[in-house]
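A.B. asks: this one's sequence-less:
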Ligand SMILES: NC(=O)c1ccc[n+]([C@@H]2O[C@H](COP(=O)([O-])OP(=O)(O)OC[C@H]3O[C@@H](n4cnc5c(N)ncnc54)[C@H](O)[C@@H]3O)[C@@H](O)[C@H]2O)c1
């Protein structure tokens, strides 16, 4: 793979961490961003190399995006790939009646505005070095609303449209932007899981298994391989503005 330098948001856990492991195994240089400083440091220690940098902070701060992209440029000379994986899905922000002003703004801020800030900083750097690839982690909720996940579904639909806007506007700069739309994955998202009892979490897993035609949740490493495919111009160089669904057939059922 001809990728030198990769920035991943939400890298401390779940899918972002799986992407970091998979890119590190392919010998890429990484800038890992997350608000969870402790888990971020643990992952960097695990990957254990001078090729990994961490930038701790909140993706809703535009200055964090500038700092992280600068870290890639200063240390690795260029930025080839941005993966926007940071996201939240609070359990108690359900339908419109149960979604507070604060929850609406927070979810839109993290899931959409954060990805916008990082994309803006990355596009500027990628233009300067002749191109690049942005991979946004959306969700099947971007395509079909999930029940009682209004703001999350709206945020992921917006992320999908942001991806297409970038793809259209910067294609001539050799910058590609694509989305992955995963269905239910092996772990419930961290902020959501923190609001659930063990029994509810287990029930979600059982319900997922029966609702998904392939009969199981997706693994993070399976999605990370799709991210790797979209990141790599040798494999997906003619794809831009696309969204790849990986949901075990969930949307068919
Ligand atoms: N887990 C699933 O079932 C599932 C399904 C479809 C899509 N997704 C999407 O995949 C992506 C990753 O989800 P995951 O399962 O790895 O969840 P996760 O909770 O394990 O990982 C999300 C990471 O984002 C970080 N983060 C959250 N808010 C942040 C902020 N403001 N600033 C910096 N970092 C922040 C968290 O600290 C965490 O490390 C998300 O965008 C999610 O919407 C997940």
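C.D. replies: Received the coordinates, thanks. All figures in this text were calculated on a predicted structure; none of them were measured in a lab.
A.B. asks: wait, does stretch 146-154 make contact with the ligand?
C.D. replies: No: residues of stretch 146-154 contacting the ligand under CB under 6 Å from any ligand atom: none, with a closest distance of 7.3 Å. In short, each C-beta sits where N, CA and C put it, glycine included.
A.B. asks: pLDDT on that stretch, on average?
C.D. replies: Per-region confidence: stretch 146-154 scores 97 on mean pLDDT.
A.B. asks: any residue of the strand or helix carrying residue 69 touching the ligand?
C.D. replies: Secondary structure from DSSP states H and E places residue 69 in helix 62-76. No: Helix 62-76 stays out of contact with the ligand when judged by CB under 6 Å from any ligand atom, the minimum separation being 7.7 Å.
A.B. asks: now for the helix or strand following that helix, which elements pack on it?
C.D. replies: Once helix 62-76 ends, the next helix or strand along the chain (criterion: DSSP H and E) is strand 81-84. Where contact means 3 or more CB pairs under 8 Å, 6 or more residues apart in numbering; DSSP states H and E, strand 81-84 is packed against strand 5-9, helix 114-128, strand 132-137, helix 220-231.
A.B. asks: ok, strand 81-84: who's next to it in the sheet?
C.D. replies: Partners of strand 81-84 in the sheet, by DSSP bridges, are strand 5-9 (parallel), strand 132-137 (parallel).
A.B. asks: give me the residues contacting that strand.
C.D. replies: Strand 81-84 has contacts (CB atoms under 8 Å, 6 or more residues apart in numbering) with 3, 5-10, 16, 19, 28, 114-115, 118-119, 122, 132-137, 159, 227, 231.
A.B. asks: same thing but 6 Å
C.D. replies: With CB atoms under 6 Å, 6 or more residues apart in numbering as the test, strand 81-84 has contacts from 3, 6-9, 19, 115, 118, 122, 133-136, 227, 231.
A.B. asks: any idea how far the most centrally placed residue in the chain lies from the ligand?
C.D. replies: Closest to where the C-alpha atoms of the chain average out (CA atoms, centre = their mean) is residue 85, at 1.7 Å. Noted for residue 85: a distance of 5 Å to the ligand, by CB to the nearest ligand atom, to the nearest Å.
A.B. asks: surely that residue and residue 15 touch.
C.D. replies: Yes: here residue 85 reaches residue 15: they are 5.2 Å apart, a contact under CB atoms under 6 Å.
A.B. asks: roughly how far does whichever residue of the stretch 151-253 of the chain sits closest to the ligand sit from residue 177?
C.D. replies: Closest residue of the stretch 151-253 of the chain to the ligand, CB to the nearest ligand atom: residue 190 (3.1 Å). As judged by CB to CB, to the nearest Å, residue 190 and residue 177 stand 26 Å apart.
A.B. asks: the two: who's more crowded?
C.D. replies: residue 177 (29 against 16; other CB atoms under 10 Å).
A.B. asks: got the contact list for residue 119?
C.D. replies: With contact set as CB under 6 Å, 6+ apart, residue 119 has these partners: 134, 166.
A.B. asks: that older thread, return the member of the contacts of strand 81-84 nearest to the ligand.
C.D. replies: Distance to the ligand, by CB to the nearest ligand atom, is smallest for residue 9 among these, at 6.3 Å.
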